[in-house]
Structure formats: structure tokens, C-alpha cells
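# Sequence first, then the predicted structure, then my questions.
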Amino acid sequence: MASGAVFVLPGDEVDASLVPSHAKKPLRLGPGLRLVPPNEILPTLAGQLISDRQKNAMRVETSAGRYIPRVGELVIGTVHKSTADVYYVHLSDHTAPVLLPQLSFEGASRKTRPVLAPGALVYARVSLANKHMDAEIECVSAATGKSDGLGPLSGGMLFHISLDMSRRLMMPKPAEAGKVVVLDELAGLGLHFDTATGRNGRFWVDSDNVKTVMAVGKAIQETDKKRLAVEEQKKLVRRLIKELS
């Protein structure tokens, strides 16, 4: 979990209080940061400076740009094609697909593995992210053998959102920490729906009511695009509910 986030510009001085200092872990600099010897850290991108003290890591996160897989992150991918052993899955536009082993599903065997056609959606976890190798994802926990909510996403609709909105939605308490209240507001007014958020800027919504799916997706995308504050989000929800009735 990130313990600090401030906006930085390329070349800005990074305050020492924002730099994690874990006693047993080396400091890891992610995208958007570079080390200037002996110990100065400079941003190379404009965006949110994320300090993760548990992992002793830092990175700059932009609303735009392409997604870079990181081990452990949850993502929503679109199956591109398959071979005898793996699925090739796209996590973002104009980037190379990642690999999803066909046996990387709960209870999967050569006979019981899921058959996913091109265009199918999967909710997965990044299991390998190395600049020297193709990234890999999995739909099962390596520790328990259980899906833990991962796997094919049937039905519903996929919406594209910014990487920053993905981060906010995936916080433990998105309404409090991420200042995104539209989902709670819509559910509180009686709408029934399921959602899944991928760290790669993908948001999936499913419901028995197609209008509900569209309303939820529109609420998230509009909140994201217009950077709506909490009170503005509540007004948006009231407007969308009127359109549904």
C-alpha cells in the first residue's frame, strides 16, 4: 500500500521524507525516477510520486501513458490468440501481449482447462515481470491453488479508464482514500452490479440490467475524465439515476 503521494515535475527535488528507508530492503526506483549519484533522486515524468514503504519502492505514476506490468498487480486482459500451452493476452493497446499459461486456472488440467476465444476477458495477477522476458499472468494463486476471484470474466462490459483512476479504485477504501464515491452512491440507490478493476486502466461492469452497466461505466469514466470532486460525483449520480427512471 502506498504511504505517500505528491505531484512532481521532471527535475523536481524529491523531499527526503518521501523516500522509503526500510532497514532490510534495498530501495527500488520504478518508472519515472532516476538516481543521480551519489544519492539524489530526480523525477523524469510529470505525475504522482508514489512511495511504498512496505516494499521500499518509489515510482511516478501518470494518468496517461502505457501500463507497465508489475508482479502482484491485478489486471484485466483481452485474449488475443492461443497455442497449445499459453494464451497471448493484451493488457493495453499498442503493447506486446503477455503470456497466460493454459493450466494457470483453478483445477485446470489438459482436459478441464477453460477454452477462451479471441476477445475473451480474464481477471488475472501479474506473476512475472522482467525486462528480459515476456511478462506472465495467472488466474490462480500459486500458494493455495485457488482462483481467489480471478479467472474469465463472462458477460458485462469493459471500460477504459486512466491508470490513476485504476489506482484510486483499487485502494482498500476507494471512497475515503481515493475520493471515488460514485460506486457506493449508485449501490446505495438500489442499483445491483458487479465490478472488477485492472491496474492496467481497465474497468469491468456486469449487471442483469444493461442500462445499469452503462450508468456505472459512464459514472466512472466521467469522474475520471473530468476529475470530479466528491460533491460533483454525487450530483452526477443523481443525474444518472434520473436518466434510468
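Structure received. Numbering: from 1, shown residues only.

# residues near residue 211, how many?
12 (other C-beta atoms under 10 Å). For glycine as for every other residue, the C-beta is placed from the backbone atoms N, C-alpha and C.

# Reduced to three states, what does it come out as?
helix (DSSP: H, G, I helix; E, B strand; the rest coil).

# pLDDT score for it?
What the model reports for residue 211 is a pLDDT of 95.

# What does the pLDDT read for the spatially closest residue to it that is not a sequence neighbour?
Leaving aside its sequence neighbours, residue 211 sits nearest to residue 244 (C-beta to C-beta, 6 or more residues apart in numbering; 5.5 Å). Listed pLDDT for residue 244 reads 87.

# What are the neighbouring residues in contact with residue 244?
191, 211, 212, 215 (C-beta atoms under 8 Å, 6 or more residues apart in numbering).

# Top of these by number of neighbours, please.
residue 215 (23 neighbours).

# sorry, back to before: and the contacts of residue 244, which is closest to residue 106?
residue 212 (28.6 Å; C-beta to C-beta).

# can you tell me which residues contact that closest one?
Contacts for residue 212 (C-beta under 8 Å, 6+ apart) come out as 191, 192, 193, 244.

# again, only using 7 Å
Taking C-beta atoms under 7 Å, 6 or more residues apart in numbering, we find residue 212 in contact with 191, 193.

# ok, now residue 157?
205, 213, 217.

# In CSV, list the residues you listed along with neighbour count and distance to residue 177.
Output for the contacts of residue 157, formatted as CSV (neighbours: other C-beta atoms under 10 Å; distance: C-beta to C-beta, whole Å):
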residue, neighbour count, distance to residue 177
205, 23, 21
213, 22, 26
217, 21, 22
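
# ok, the residue nearest to residue 211 to residue 81 distance?
38 Å (C-beta to C-beta, to the nearest Å).

# Farthest-apart pair in the contacts of residue 244, please.
191 and 211 (9.4 Å).

# List the buried residues in stretch 20-37.
Of the residues in stretch 20-37, 20, 32, 33 count as buried by neighbour count, 16 or more other C-beta atoms under 10 Å.

# where does the closest residue to residue 150 other than its chain neighbours fall, phi/psi-wise?
Closest residue in space to residue 150, ignoring its immediate chain neighbours: residue 139 at 4.3 Å, by C-beta to C-beta, 6+ apart. Main-chain dihedrals, residue 139, degrees, to the nearest 10: phi -120, psi 30.

# Residue 139 against residue 105, yeah?
Yes. Taking contacts as C-beta atoms under 7 Å, residue 139 lies within contact range of residue 105: 4.9 Å.

# what's the overlap in contacts for these two?
What both residue 139 and residue 105 touch, as defined by C-beta under 7 Å, 6+ apart, is the set residue 151.

# And the pLDDT for residue 68?
The per-residue pLDDT of residue 68 was computed as 85.

# Spell out the secondary structure type for it.
Residue 68 - assigned by three-state DSSP - is coil.

# Could you check how far it is from residue 126?
Counting by C-beta to C-beta, the gap from residue 68 to residue 126 is 10 Å.

# Between the two, point out the one with more neighbours.
residue 126 (21 against 18).

# quick one: contacts for residue 119?
Going by C-beta under 7 Å, 6+ apart, residue 119 touches 78, 79.

# Renumber starting at 2 from here on
Done: numbering now begins at 2, and the last item shifts to residue 120.

# and it, which of the three is it?
Here residue 120 is recorded as coil under three-state DSSP.

# Show the pLDDT at it.
Predicted confidence (pLDDT) for residue 120: 96.

# Fine, thanks again, bye for now.
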